[in-house]
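In: Based on what follows, work out the 3D shape:
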Amino acid sequence: MTTAPTTRSRTRAAASLVSLGALLATSLTALAAAPASAAETLLSQGRTATASSTEGAAFPASAAVDGDAGTRWASQWSDGQWLQVDLGRTATVSRIVLSWEAAHATAYDIQLSDNGTDWRTVKSVTGADGGTDEVAVTGTGRYVRLQGVTRSGGYGLSLWEFKVYGEEGGTPPQSGGAVRVTGSQGNWQLTVGGQPYTVKGVTWGPSVADAGRYMPDVKAMGANTIRTWGTDGSTKPLLDEAAARGIRVMNGFWLQPGGGPGSGGCVNYVTDTAYKTNMLTEFAKWVETYKSHPATLMWNVGNESVLGLQNCYSGTELEAQRNAYTTFVNDVAKKIHSIDPDHPVTSTDAWTGAWPYYKRNAPDLDLYSMNAYGDMCGVREDWVEGGYTKPYLITETGPAGEWETPKDANGVAEEPTDVQKAEGYTRAWNCVTGHQGVALGATVFHYGTEHDFGGVWFNLLPDGLRRLSYYAVKKAYTGSTAGDNTPPVITNMTVTPSGSAPAGGEFTVRADVRDPDGDPVTTKVFLSGNYANGDKRLIETPYRRNADGSLAVTAPAKLGVWKVYVQAEDGRGNAGIETKSVKVVAPPVAGTNLAQGRPTTASSSQASYGDCPCPASHATDGNPNTRWASDWSDPQWIQVDLGAVRSFSRLQLVWNPAYARSYEVQVSDDGQNWRTIHTQTAGDGDVDSIEAAATARHVRLHLTARGTGWGYSLHEFGVYS
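Out: Below you'll find the model as predicted:
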């Protein structure tokens with residue numbers, strides 16, 4: 001019997017790490033004139049031009065692109081003026097010619113944009129002396145802007161002509177022709193139109209609507225392929241934008257249950273013929289629709305479902321389902337081949353434990369695909385040991401993931417540093433290229449922009465900010481990042497105290513920040529409650545800078561382990577991000593806890609649910625890791641006998657997530673006759689610190705409305721003198 005895969009990867013000794021010296025190295029490129037190449041075209045003449053201002057109606061922006069050397073654009077008399085032209089479509093820009101009138105710029109930037117809103121500087125010029133400037137540039141964009149920095153005199157800026165040269169349509173699309181897996185055992189190759197093709201790709205994260213904005217950047221990284229997880233009627237604009245830039249697309253088809261919890265659905269592949277028939281019909285529809293699209297590279301059926309089925313089944317039934325699933329994948333492959341014989345079919349799963357199922361049940365796949373992170377270099381060994389007879393693609397890879405890193409002192413996964421993540425991408429690509437003739441390339445994870453828990457862990461550009469990992473991938477695909485401005489590097493980050501930050505109090509963050517280009521850096525601090533309350537968002541939080549350079553940050557009110565992120569931005573679209581955990585605990589209370597260790601009773605308690613038994617005594621044992629938990633109904637109560645009539649002034653209630661929205665604090669001298677000393681009607685589940693002076697022997701919480709669908713649960717029920 002084949003051993004089923006249960007985790008994404010295995011633990012291996014780390015491969016030797018690649019130095020970041022080359023990654024962080026930059027060089028200055030001198031301004032130089034370049035003669036026009038034979039392929040250059042004047043792209044700007046007669047196109048729509050706009051400007052920050054004009055000196056008057058006689059000097060419009062259009063005069064600089066009308067081809068008439070006797071007309072000119074002139075701006076108002078201040079710095080920061082700009083002139084831009086819309087080329088009408090994306091183009092590869094190679095040269096700018098500026099014919100200045102006497103009012104020229106001594107310093108200016110040449111900028112490109114895909115949408116006329118987000119600009120990137122491709123050349124900065126200083127010490128300009130007027131006359132005619134011929135500026136060599138490299139880049140793609142639809143919009144080209146001259147952004148003035150400083151003027152030569154008291155007037156504004158004025159241009160007789162603003163000429164943009166280059167090649168229309170950006171990089172020409174890949175030539176047509178069939179995509180094939182060619183060669184023989186251990187000597188395979190992917191070809192497009194008969195030409196060798198190594199997949200240098202990224203998994204695609206932005207919306208289809210943003211494809212025009214980000215696809216030029218994907219191309220600039222050196223990527224030739226993007227991978228998607230779903231293909232439907234909304235896919236065409238993405239394919240169109242990819243084809244316009246010579247990028248191919250691995251079109252994905254999603255199948256239940258996907259990669260695990262949250263992926264949706266637990267279909268029965270043994271018995272549910274309706275689901276399989278519907279999926280087969282749906283996939284065939286889109287294969288027919290996009291089989292002739294010039295961007296289509298191949299079809300990828302499913303994602304980590306062999307792994308994900310363990311969340312739905314177990315034992316012999318799990319084996320039956322995995323065999324049935326991979327048999328269905330083979331049915332899909334045969335159907336796709338009958339419609340489209342010119343593009344390969346593959347299927348992705350997590351780690352090599354899925355491959356025996358494909359080997360047994362899916363002979364019609366042209367190649368295998370898999371997702372592997374920290375143990376990427378182990379794939380080759382498993383392929384050899386398994387005796388496989390098909391090549392493979394890596395469809396997700398990158399640094400070690402949350403499921404394969406060691407735990408920190410607070411019990412959560414240690415997230416690699418930016419430097420370690422960059423090295424992870426470099427190491428992964430070296431493992432792929434090291435398995436020549438079998439590994440046909442990779443789409444690394446992930447070209448995404450989400451700025452949340454998972455986004456910071458894996459995205460190359462969260463919130464649109466480029467990380468060290470972005471440049472590691474670019475270097476892997478292009479061979480160089482020379483001339484690039486790279487992100488700040490953060491080292492030696494610490495949080496103090498990391499395991500006992502009082503709720504609502506302060507903790508201290510220290511980090512060394514260095515920008516390799518000497519850019520001024522802006523520091524931000526974010527908090528994520530992913531481990532405390534399931535909220536994966538990153539919330540920016542204010543801080544106070546101490547005299548020693550450390551940061552004083554206010555701890556959240558919600559108890560639990562939080563992630564603290566330091567983000568250093570250089571103002572040039574780059575960011576370094578480091579993170580550590582902090583455990584937020586109940587703030588200390590002055591005085592003696594009269595309830596600790598005293599007899600405690602409750603209306604009910606959970607005997608065996610989750611981490612239970614959870615008796616009432618756990619709320620007064622002084623251990624913040626134990627808890628009392630009630631039945632899932634209203635009302636409930638818990639009470640403590642202080643042993644004698646005692647005076648107290650404060651209560652502290654440390655709630656588990658199953659908290660009370662409404663309750664009363666009641667006291668009694670005899671345990672029979674109760675009087676209310678405090679009422680809460682808007683509890684939020686955080687630590688409740690209650691000022692309530694009283695003298696009594698018994699203290700009771702009368703709980704009347706739950707804040708969740710569970711019962712009531714308290715880690716601590718403290719009564720302080």
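
In: Quick check: phi and psi at the closest residue in space to Gly374 that isn't next to it in sequence.
Out: Excluding the flanking residues, the one nearest Gly374 by C-beta to C-beta, 6 or more residues apart in numbering is Ala400, at 3.4 Å. Bear in mind the C-beta positions are built from the backbone N, C-alpha and C, glycine included. Backbone torsions for Ala400, taken as degrees, to the nearest 10, come to phi -60, psi 140.

In: just checking, Ala400 touches Glu414?
Out: No - counting by C-beta atoms under 8 Å, Ala400 stays clear of Glu414, with 9.2 Å between them.

In: So which of those two has more stuff around it?
Out: Ala400 (23 against 17; other C-beta atoms under 10 Å).

In: separation between Ala619 and Thr676?
Out: Taking C-beta to C-beta, to the nearest Å as the measure, Ala619 falls 20 Å from Thr676.

In: who's more crowded, the two?
Out: Set side by side, Ala619 and Thr676 show more neighbours around Ala619, with 28 against 12, by other C-beta under 10 Å.

In: Would you verify that that one is located in a strand?
Out: No - applying DSSP: H, G, I helix; E, B strand; the rest coil, one finds Ala619 to be helix, outside a strand.

In: residue contacts, it?
Out: Contacts for Ala619 (C-beta atoms under 8 Å, 6 or more residues apart in numbering) come out as 600, 627-628, 638, 714-717.

In: same deal with Ile577?
Out: Contacts of Ile577 (C-beta under 8 Å, 6+ apart): 418, 456, 462, 467, 490, 565-568.

In: Identify, from those, the entry nearest to Gly153.
Out: Ranked by distance to Gly153 (C-beta to C-beta), the contacts of Ile577 are led by Ala568 at 38.6 Å.

In: Let me know how buried that closest one is, in neighbour terms.
Out: Neighbours around Ala568, by other C-beta under 10 Å: 23.

In: Report the separation between it and Gln310.
Out: 40 Å.

In: pLDDT weak spots in the chain?
Out: Within the chain, the stretches with pLDDT under 70 are 1-39, 169-176, 260-263.

In: By residue count, tell me the biggest helix in it.
Out: For the chain, the helix with the greatest residue count under DSSP state H is helix 315-339.

In: counting contacts, what elements does that helix pack onto?
Out: Judged by 3 or more C-beta pairs under 8 Å, 6 or more residues apart in numbering; DSSP states H and E, helix 315-339 is in contact with helix 273-290, strand 296-303, helix 305-308, strand 345-350, helix 355-361.

In: Which among those is found nearest to Ala586?
Out: helix 305-308 (38.5 Å).

In: Pull the distance from that closest one to the chain's centre.
Out: With C-alpha atoms, centre = their mean, to the nearest Å as the basis, helix 305-308 stands 22 Å off its chain's centre.

In: which residues of the stretch 401-550 of the chain fall in helices?
Out: 418-434, 453-458, 468-478, 530-533 (DSSP state H, counting those that start in this stretch).

In: Take those and lay them out in TSV including mean neighbour count.
Out: Output for the helices of the stretch 401-550 of the chain, formatted as TSV (neighbours: other C-beta atoms under 10 Å):
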stretch	mean neighbour count
helix 418-434	22
helix 453-458	22
helix 468-478	24
helix 530-533	18
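
In: Tell me the buried residues in the helix or strand hosting Gly212?
Out: Assigned by DSSP states H and E, Gly212 belongs to helix 211-220. With burial defined by 16 or more other C-beta atoms under 10 Å, the residues of helix 211-220 counted as buried are 211-219.

In: which outside residues touch that helix?
Out: With C-beta under 8 Å, 6+ apart, helix 211-220 has contacts from 90, 114-115, 118, 139-141, 170-171, 202, 206, 226, 237-238, 241-242, 244-247, 447, 449, 474.

In: Only C-alpha atoms, please: export stretch 181-188 in CSV.
Out: Provided in CSV are the C-alpha atoms of stretch 181-188 (Å, rounded to 0.1, in the frame of the first residue of the first chain):
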residue,chain,number,x,y,z
VAL,A,181,6.5,17.7,-23.8
THR,A,182,9.2,16.2,-26.0
GLY,A,183,12.2,13.9,-25.4
SER,A,184,12.6,10.7,-23.5
GLN,A,185,13.2,9.4,-20.0
GLY,A,186,15.3,11.8,-18.0
ASN,A,187,15.8,14.0,-21.1
TRP,A,188,12.5,15.9,-21.5
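
In: so who does the residue nearest the centre of the chain touch?
Out: Centroid check for the chain by C-alpha atoms, centre = their mean gives Gly455 as the closest residue, at 2.1 Å. By C-beta under 8 Å, 6+ apart, Gly455 lies in contact with 448-449, 462-463.

In: for Leu651, same thing?
Out: 665, 678, 688-690, 692, 699, 717-720.

In: Skipping its backbone neighbours, what lies nearest it in space?
Out: Nearest non-adjacent residue to Leu651, counting by C-beta to C-beta, 6+ apart: Ile690, 4.3 Å away.

In: wouldn't the one you found be in contact with Leu653 here?
Out: Yes - if you go by C-beta under 8 Å, Ile690 and Leu653 touch, sitting 7.2 Å apart.

In: Those two: which is more packed in?
Out: A direct count of neighbours by other C-beta under 10 Å for Ile690 and Leu653 places Leu653 higher, at 23 against 15.

In: tell me the SS of that one?
Out: Taken by three-state DSSP, the conformation at Leu653 corresponds to strand.

In: Nearest residue to it in space, ignoring adjacent ones along the chain?
Out: Asp688 (4.1 Å).

In: Could you measure from that neighbour over to Ser617?
Out: From Asp688 to Ser617 the distance is 20 Å (C-beta to C-beta).

In: Then Ser234?
Out: 57 Å.

In: which one of those two has more residues nearby?
Out: Using other C-beta under 10 Å, the more surrounded residue of Ser234 and Ser617 is Ser617, with 17 against 11.

In: quick one, what contacts the more buried one?
Out: Contacts of Ser617 (C-beta under 8 Å, 6+ apart): 599-600, 628.

In: Spatially, what comes nearest to Gly177 if we skip its sequence neighbours?
Out: Gly193 (2.7 Å).

In: Isn't that neighbour up against Arg248?
Out: No - when contacts are counted by C-beta under 8 Å, Gly193 is not listed as touching Arg248 (11.2 Å).

In: Looking at the two, which one has more neighbours?
Out: Taking other C-beta under 10 Å, Gly193 and Arg248 do not tie; Arg248 has more neighbours (26 against 12).

In: still on that earlier bit, please convert the contacts of Ser617 to TSV, extending it with distance to Ser44 and neighbour count.
Out: Shown next, in TSV, are these (distance: C-beta to C-beta, whole Å; neighbours: other C-beta atoms under 10 Å):
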residue	distance to Ser44	neighbour count
Pro599	86	14
Thr600	81	20
Trp628	74	28
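
In: so which of those residues would you say is closest to Ile96?
Out: Trp628 (72.6 Å).

In: Tell me what that closest one is bridged to.
Out: Note on Trp628: beta-bridge partners by DSSP bridges are Leu714.

In: For stretch 625-632, measure first residue to last.
Out: End-to-end distance for stretch 625-632: 21 Å, by C-alpha to C-alpha, to the nearest Å.

In: which other residues reach it?
Out: With C-beta under 8 Å, 6+ apart as the criterion, stretch 625-632 contacts 600, 602-606, 609, 611-612, 614-619, 636, 638, 656, 658, 703, 706, 709-715, 717.
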